[in-house]
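>>> Here is my input, please return the structure:
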Amino acid sequence: MKQNNFDVIIIGSGQGGSPLALALAKAGKKVALVERKDVGGTCVNVGCTPTKTMVASARVAHLVNRAEDYGINTASRSVDFLTVRKRKRDIVESFRSGSRKRLLSTEGLSLLEGEASFTDKKKLEVNYPGGEKELITADQIIINTGTSPSKPPIPGLDAAGALDSTAIMELDKLPAHLIIIGGGYIGLEFGQMFRRFGSKVTIVHRDEHLLSREDQDVAEEIAKIFQKEGIEVLFNTETLKVEAPEAEKTVLTVKTGDQEQLLEGSHLLIATGRIPNTVSLNLKSTGIEVDKRGFIPVNDQLETAVPGIFAIGDVNGGPAFTHISYDDFRILRTNLLDGGTAVTSGRPVPYVVFIDPQLGRIGITEKEAKELGYEYRVAKIPMTWAARALETDETAGMMKAIVDAKTDRILGAAILSVEGGEVMAVLQVAMLGGLSYTLIRDGIFAHPTLAESLNTLFGTLES
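Sure, this is the predicted structure:
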C-alpha cells in the first residue's frame, strides 16, 4: 500500500471543506481533499441546489394555476415532471462539475476520490472504488463529512420502500398521493412542492404545531397557508407501522390521541431529520468520542478533543445550514492561515424555510425571549398591510419582530412573506449594527417594496 504525506487533509468536499482546501493550497500548503462520492457535498448534490431548483418549478406551476387571478388566460396547466427533474439534474451537474474543475486545477491540492477512515490520530486509509488503497498522513486534519437522512424505527418501513429527501427528487413520475412523516423544514418544502406539482399530500406530524422550534402563531399561519392549498396535516399523530401490500400503495397505521386510523397513499417520504456521517470514519482509533447522536464535539474554534483535528459543517452538531458551514471555513482560514482567534460563539444564525411564502428567521423567537428572561415587545402585522404584497396579490403570511424593551434593539424576527428571506436580511444587518428599531421604523425605503413594510411593522410599537 502506497503512503503519501500532506500538510493538511480534509475529509469531505462540502461548503466548508472545498473552499478551505483551495485557500490552504493557494497559501502554499500541500493539501489532500478526500471525497467518497460527489464533489460539493449535501448542498450542491442533494440539498439546497436541487431542492430550491424544484421549488422554483413548483412556484411557476402555482402561478400558472393562479393566472386567471391576474387576468391571464392559459391554455395548458400540465406539469412535465421529467423536464422538472432534468432541469434540476442539469443545474446540479453544472455546480458540481465547476467545483471539481477548480479543485483539480489548483496547484498543491490533490483530490482523492475515495472513502477515508482513520487508522491512527494523524493517519488515514483511503479506499478507492477500484479496490486500491492508500495511506495518507498530516499534522492537521479537518472532518467535513456532513449528514444523511435519518430513518425512524417504525415497523415495516424498510420493506415499504419509503423515500428520503434524496430519492424523492429522482422519481420519474409524480406520486398520486404523497404521505410525509415529519412536519419540519424538509417535510414542508417537499409537501408544498409536490402539492403544487399536482400530488395529493398528507403530512403526519407528531407535535402540536409545524416547525416545532418556531413560535406557535407563526406555525399556525403556515398551517393555514398549507390547508388553503389543499395539504392535509395531521397533528399530534404517531406512525405505528407501515405496510406496502402492492406497488405504489403504502398503508400507514397512525394514532392521534386514542384514535387509530389507516392512511393509504402511493408514496411515502420520511422527513424526520438527519444523522451525521461518522460511522465509517473509525474515530475510535483517534480517541475522539462522538455524542449520543453521533456528532463530533468541538470547541468554539472547531477543534475536537484531539489537537490538530477539526470538525466543520453539519457533522459537528452545530446549526445545519450551508452558510454556517461556510462560516466554519472562514473561522479555520483565519486561525490556520492568519494566526487569528476567530470563534463560533456569538455569531448570528439566519435561515430561510423555502416554502411559499418564505419564512426568513434571525435571532431569537418570542418563546426564547420569554425563557431567557428578556423584557420585550412584539411588533406584528399581517402581509395584507403591505402595499407591495397587495399589488402582487401575495398577501399570505405575516411579519413579526421581538424588540428589547430596555434597549430598543431587535432581538429576532420571523418574516413569513414572499421573499421573506430577503426582507429578513434587512433586519439581520440592523442587528449586526446594534441599531434601534426606531431607525428602521423611520427609515426611508423605496416605494413600493417589501422592505418598506418594515416601517409599518415597527410603527405598531407606537400604538
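
>>> how close does L461 sit to T407?
13 Å (CB to CB, to the nearest Å). The C-beta positions use only the backbone N, C-alpha and C, and glycine is treated the same way.

>>> Tell me which of the two has more neighbours.
For L461 versus T407, neighbours defined as other CB atoms under 10 Å are more numerous around L461 (17 against 12).

>>> What sits closest to that one if chain neighbours are left out?
A379 (5.2 Å; CB to CB, 6 or more residues apart in numbering).

>>> Which of the helices or strands spans that neighbour?
Using DSSP states H and E, A379 sits within strand 376-382.

>>> Do I have it right that I270 meets S148?
No. The pair formed by I270 and S148 falls short of the contact definition of CB atoms under 8 Å, at 11.8 Å.

>>> Please say which of these two ends up with more neighbours.
Taking neighbours as other CB under 10 Å, I270 and S148 compare with I270 leading, 26 against 17.

>>> The more buried one and I186: what is the separation?
I270 is 9 Å from I186, by CB to CB.

>>> what lines up beside the lengthiest strand in the chain in the sheet?
Longest strand in the chain, counting residues (DSSP state E): strand 237-246. The strands that strand 237-246 pairs with in its sheet are strand 249-256 (antiparallel) (by DSSP bridges).

>>> Next, the buried residues of the helix or strand just after the strand it pairs with.
Next in sequence after strand 249-256, counting helices and strands by DSSP H and E, comes strand 259-265. Buried residues in strand 259-265, counted by 16 or more other CB atoms under 10 Å: L263, G265.

>>> on that earlier part again, for the residue nearest to L461, give the beta-bridge partners.
What pairs with A379, by the bridge criterion (DSSP bridges), is A401.

>>> How about M431: what's its closest non-neighbour residue?
Using CB to CB, 6+ apart, the closest residue to M431 is I410 (5.2 Å).

>>> Who are the contact partners of that neighbour?
Applying CB atoms under 8 Å, 6 or more residues apart in numbering, we find I410 in contact with G363, A401, I402, V403, D404, L427, A430, M431, L435, Y437, I440.

>>> again with D442
Per CB under 8 Å, 6+ apart, neighbours of D442: N455.

>>> mind redoing it with 10 Å?
S436, N455, F458, G459 (CB atoms under 10 Å, 6 or more residues apart in numbering).

>>> now L103
Applying CB under 10 Å, 6+ apart, the residues near L103 are S13, S18, A21, L22, A25, V31, L33, E35, V39, L109, S110, L111.

>>> Mind putting the residues you listed into JSON lines with secondary structure, pLDDT and neighbour count?
Formatted as JSON lines, the contacts of L103 follow (DSSP: H, G, I helix; E, B strand; the rest coil; pLDDT from 0 to 100; neighbours: other CB atoms under 10 Å):
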{"residue": "S13", "secondary structure": "coil", "pLDDT": "96", "neighbour count": "30"}
{"residue": "S18", "secondary structure": "helix", "pLDDT": "97", "neighbour count": "27"}
{"residue": "A21", "secondary structure": "helix", "pLDDT": "97", "neighbour count": "31"}
{"residue": "L22", "secondary structure": "helix", "pLDDT": "97", "neighbour count": "20"}
{"residue": "A25", "secondary structure": "helix", "pLDDT": "98", "neighbour count": "21"}
{"residue": "V31", "secondary structure": "strand", "pLDDT": "98", "neighbour count": "27"}
{"residue": "L33", "secondary structure": "strand", "pLDDT": "98", "neighbour count": "28"}
{"residue": "E35", "secondary structure": "coil", "pLDDT": "97", "neighbour count": "26"}
{"residue": "V39", "secondary structure": "coil", "pLDDT": "93", "neighbour count": "24"}
{"residue": "L109", "secondary structure": "strand", "pLDDT": "97", "neighbour count": "23"}
{"residue": "S110", "secondary structure": "strand", "pLDDT": "97", "neighbour count": "18"}
{"residue": "L111", "secondary structure": "strand", "pLDDT": "97", "neighbour count": "17"}
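
>>> Closest one of the residues you listed to G98?
Nearest to G98 among the contacts of L103: V39, at 9.3 Å, using CB to CB.

>>> can you list the weak-confidence ranges in the stretch 201-350 of the chain?
In the prediction, the stretch 201-350 of the chain carries no residues with pLDDT under 70.

>>> residue closest to the middle of this structure?
F321 (5.2 Å; CA atoms, centre = their mean).

>>> In this protein, which helix is the longest?
helix 81-104 (DSSP state H).

>>> Which of the contacts of L103 sits closest to H205?
S13 (34.2 Å).

>>> Hmm, V31 and that closest one touching each other?
No. Using CB atoms under 10 Å, S13 makes no contact with V31, being 11.7 Å away.
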